[in-house]
Structures are given as C-alpha cells and as structure tokens.
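Student: Next input, structure requested:
(one chain, ligands or ions: 1)
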Amino acid sequence: MIHATLTPPSFDGTRLCDGFLSEAVAGLSQAQKVLPCKFLYDEEGSKLFNEICELEEYYPTRTENEILRDNIDEIAGLIGSGCRLVEFGSGDSAKTRHLLTHLPGIAGYIPIDISGPQLLESAVRLAGEFPGLEIVPLEADYEEVSEIPHTIRRPQRTVAFFPGSTIGNFEPLAAAVFLQRIALLCGSDGGLLIGIDRKKSKRILEPAYNDRRGVTAKFNLGILARANRELGADFDLSAFRHRAPYNETRGRIEMHLVSQRAQIVHLDSREFRFEDGEYITTEYSYKYTLPGFAGLALRAGFELVRHWEDRDRLFSVLFLRVRDRKPRPSGDLPGLDATPGEASESRQ
Ligand code: AVI
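Tutor: Here you go, the predicted model:
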C-alpha cells in the first residue's frame with residue numbers, strides 16, 4: 001500500500017491570535033464601534049459556526065455542497081491532475097474531501113488554517129483516507145501567507161480553494177487585495193475555485209443570520225464572552241442583543257451587538273461608554289451579483305472561466321484563472337464600488 005505523506009504542520013505568522021487586545025481596544029475606540037470578525041472563531045465560536053452551517057435557515061453551506069457535488073466532474077477537469085491544491089481556511093477540510101476523491105493525480109494538498117490542533121487532526125484523518133496523497137499543512141492566518149509550501153512532486157500548476165463565501169466577510173477593497181495575493185501566490189496558470197453568496201431578498205437573507213434557535217446570536221455574543229475571558233473585560237452579556245439586518249444599499253448583512261441600556265465597559269484599564277441602542281459591528285457578510293464579483297476578480301488579476309449555481313441562484317461556485325502575471329499594486333484597484341447599488345439577480 002502507498003502511504004500518504006504528511007509533513008508536520010509548519011508555522012507562518014508572527015501575528016497569530018495575539019492581536020485581540022490591541023484590535024479590540026482600537027475597534028471599540030472608533031466612533032462606530034467594531035470588533036473584527038476573525039475573533040468570533042475561537043474553539044467555542046468555531047463549534048457554533050459549524051452548528052450554524054447545519055441550520056435550516058442558513059442555506060449557504062448546503063447549497064454550495066450541492067453545487068460542488070452536482071458538478072464535480074467538470075470542476076475536477078478544470079482543476080486538472082498534477083496540481084497543487086491550496087485551501088485557505090481549511091477548518092476540518094469537509095468540502096475538500098469530495099474534491100480530493102475526484103482528483104486522484106494531484107501533486108499535493110496544502111490546507112492552511114489558523115487553528116493548529118484542528119489542522120493537524122484533520123490532516124491526520126485525511127492522510128488515512130487518501131493513501132498516496134501528500135499533505136503539507138500550514139498553520140497560519142491565511143491573509144498573511146507569503147509563500148506556499150513545496151510538495152515533493154513538482155506541481156503542474158497551483159489551484160486555490162476558498163469555499164463557504166468567506167470572501168464575503170472582507171470589505172470589497174480588502175477582498176480584491178486578498179484575491180490579488182492569491183493570484184500572486186498561485187502564479188501563472190494558477191486557478192481559484194471560490195464560493196460566493198448571491199444577492200437576494202431580505203426575506204431569505206435575514207432569517208439565515210437571525211435563526212429561530214438563536215445559534216447565531218450565541219455565536220455573535222461569544223466575542224464578548226471571549227473578551228471577558230481572555231482580556232479581562234467586563235461585558236455584561238445580558239445587556240447586549242444580537243441583530244443582523246441586511247443593508248441593501250451596501251449589499252451586506254451586518255452583524256451587530258446592540259447595547260440594551262446606557263453602560264460603561266472596562267477593558268485594559270480603559271472605559272468604553274455605550275448609549276442605549278448603540279451597537280458594535282462584529283461582521284459584514286457581502287453578497288454579490290455574478291458580474292459584480294467577476295468584475296472585482298478581474299481587477300485583482302483573475303478571469304472567470306466557468307461558474308455553477310443552484311436552481312434558485314442563491315449561491316455560486318466560480319472557477320477563475322490567473323490573468324495577469326503582474327497584478328496591479330493594491331493601491332491601484334479602480335472601480336471597486338461595484339457592490340453597492342447592484343440589483344439583486346436571484347429568484348426571490
Ligand atoms: C464564514 N462566513 C462565510 C459566514 C457568513 O455567512 O458570512 C459567517 C457567519 N456569520 C454568521 N453566520 C455565518
């Protein structure tokens with residue numbers, strides 16, 4: 001039997017997890033208070049997020065899975081054998097399993113994740129399931145990765161996988177900068193398989209982020225519990241309420257934690273005052289039209305090769321190819337206001 005090759009996880013990142021205090025203080029000091037969404041995903045938050053993915057109201061995960069499953073042969077054909085497959089934010093690699101089954105000839109799989117224990121656990125499991133596959137895990141904040149680890153076999157090309165519509169959690173300019181980085185990392189002839197959540201009616205979007213069982217509310221409030229636990233803050237969790245409206249003008253769901261009364265919160269020997277009804281923004285989840293996203297990707301150095309969607313056009317999976325050998329510098333991304341004001345295009 002040929003055994004999978006599993007390289008011990010390498011570590012790329014000087015900023016892993018240690019920025020919570022400074023980013024929380026900076027975010028809460030702004031006129032519109034903010035806590036960056038990456039801090040929602042500690043161990044407890046990641047578990048709750050997995051629970052969200054199973055909720056009836058939260059359509060993105062199951063819809064993307066269906067699209068991947070229904071079009072797997074064509075997708076595998078476009079990725080091509082002999083490629084190095086790199087997953088940004090691999091988590092438990094649940095979606096990748098299906099892809100890997102249909103990519104028997106790949107040069108290697110590089111899962112990148114900020115959570116070392118989860119990365120190792122899922123890499124070990126995959127190694128058992130895919131004999132012959134070289135797995136080179138990289139523990140890193142995927143936004144910070146500056147180099148893709150090498151595989152023993154020389155790859156014919158590098159293809160990135162960024163599922164789950166996680167690109168929607170970036171503001172459009174940051175999304176374009178991140179896509180540019182992926183284009184540079186993949187190099188010429190590189191590809192990107194990415195999931196995006198489509199613009200659609202509030203009637204579908206808002207329940208997806210305001211579920212009946214309150215799992216999303218617990219997930220959102222978890223960031224305050226984490227600040228209390230890890231930073232010694234004194235947020236009273238019962239004095240904040242989860243809310244996630246769809247901002248139609250901006251084309252994004254906004255997760256808020258709304259103060260239920262005038263109050264003062266202490267953090268790092270500072271006082272943060274809240275008015276009654278004032279809120280902290282914890283996450284944006286941008287929704288795209290197909291032309292809107294293809295335009296953004298084009299400006300970042302990718303051209304659209306093929307896309308797949310579900311029957312109701314709730315979600316899309318796109319295969320993009322690196323267009324420019326030299327993507328524009330990040331200060332030069334014109335016309336990135338494609339998202340606001342675009343009409344909804346999915347069935348409602
Ligand atoms: C991870 N990300 C794509 C999710 C989303 O839909 O924006 C995060 C999430 N937040 C609340 N529910 C799900």
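Student: what's the longest helix in this protein?
Tutor: Ranked by residue count and defined by DSSP state H, the top helix of the chain is helix 215-231.
Student: residues from the chain in reach of the ligand?
Tutor: 52, 60, 164-166, 168-169, 209, 216, 283, 285 (CB under 6 Å from any ligand atom). Using the backbone N, CA and C atoms, a C-beta is placed for each residue, glycine as well.
Student: What is the nearest of those to residue 196?
Tutor: residue 165 (5.5 Å; CB to CB).
Student: which non-adjacent residue is nearest the closest one?
Tutor: residue 197 (4.0 Å; CB to CB, 6 or more residues apart in numbering).
Student: and if you look at residue 310?
Tutor: Closest to residue 310 by CB to CB, 6+ apart is residue 63, at 4.9 Å.
Student: So that neighbour belongs to a helix, correct?
Tutor: Yes - using DSSP: H, G, I helix; E, B strand; the rest coil, the secondary structure at residue 63 is a helix.
Student: Number of residues surrounding it?
Tutor: 23 (other CB atoms under 10 Å).
Student: so where does the residue of the chain found nearest the ligand fall, helix or strand?
Tutor: The minimum distance from the chain to the ligand, using CB to the nearest ligand atom, falls at residue 285 (3.3 Å). Using DSSP states H and E, residue 285 sits within strand 279-286.
Student: Only C-alpha atoms, please: export the helix or strand following that strand in PDB.
Tutor: Per DSSP H and E, the first helix or strand lying C-terminal to strand 279-286 is helix 290-299. The C-alpha trace of helix 290-299 is given here as PDB (Å, rounded to 0.1, in the frame of the first residue of the first chain):
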ATOM      1  CA  LEU A 290     -22.200  37.400 -10.700                       C
ATOM      2  CA  PRO A 291     -21.000  40.300 -12.800                       C
ATOM      3  CA  GLY A 292     -20.200  42.300  -9.700                       C
ATOM      4  CA  PHE A 293     -17.900  39.600  -8.400                       C
ATOM      5  CA  ALA A 294     -16.400  38.700 -11.700                       C
ATOM      6  CA  GLY A 295     -15.500  42.400 -12.200                       C
ATOM      7  CA  LEU A 296     -13.900  42.500  -8.800                       C
ATOM      8  CA  ALA A 297     -11.900  39.400  -9.500                       C
ATOM      9  CA  LEU A 298     -10.800  40.700 -12.900                       C
ATOM     10  CA  ARG A 299      -9.400  43.800 -11.400                       C
END
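Student: Specify the angle between helix 290-299 and strand 279-286 in degrees.
Tutor: 90 degrees (axes from the mean of the first three to the mean of the last three CA atoms, to 10 degrees).
Student: Counting neighbours, what do you get for residue 237?
Tutor: 13.
Student: Okay, and the beta partners of residue 5?
Tutor: residue 134 (DSSP bridges).
Student: What number of residues are in the vicinity of it?
Tutor: Count around residue 5 with other CB under 10 Å applied: 15.
Student: ok, now the one 5 residues further on?
Tutor: The tally of other residues near residue 10 (other CB under 10 Å) stands at 12.
Student: Now the residue lying closest to it once chain neighbours are set aside, what are its backbone angles?
Tutor: Leaving aside its sequence neighbours, residue 10 sits nearest to residue 138 (CB to CB, 6+ apart; 5.5 Å). Per-residue torsions, residue 138: phi -130, psi 120 (degrees, to the nearest 10).
Student: any idea how far residue 138 lies from residue 235?
Tutor: 34 Å (CB to CB, to the nearest Å).
Student: before we move on, what about residue 221?
Tutor: For residue 221, the distance to residue 235 - CB to CB - is 9 Å.
Student: which one of these two has more residues nearby?
Tutor: Shown here are residue 221 and residue 235; by other CB under 10 Å, residue 235 has more neighbours (24 against 21).
Student: Now do the same for the more buried one: helix, strand or coil?
Tutor: With three-state DSSP as the criterion, residue 235 reads coil.
Student: Show the contacting residues for it.
Tutor: 224-225, 227-228, 265 (CB atoms under 8 Å, 6 or more residues apart in numbering).
Student: which pair in those spans the largest distance?
Tutor: 225 and 265 (13.0 Å).
Student: Make sure residue 290 is actually in contact with residue 315.
Tutor: No - Residue 290 lies out of contact with residue 315 (CB atoms under 8 Å); the separation is 11.0 Å.
Student: Identify the contacts common to those two.
Tutor: Contacts common to residue 290 and residue 315, judged by CB under 8 Å, 6+ apart, are 198, 309.
Student: could you list every residue that touches the residue lying closest to residue 87 once chain neighbours are set aside?
Tutor: Nearest in space to residue 87, with sequence neighbours left out and distances taken as CB to CB, 6+ apart, is residue 161 at 4.5 Å. Counting by CB under 8 Å, 6+ apart, residue 161 makes contact with 85-88, 95-96, 99, 192-194.
Student: per-residue confidence averaged over stretch 26-40?
Tutor: Averaging pLDDT along stretch 26-40 yields 97.
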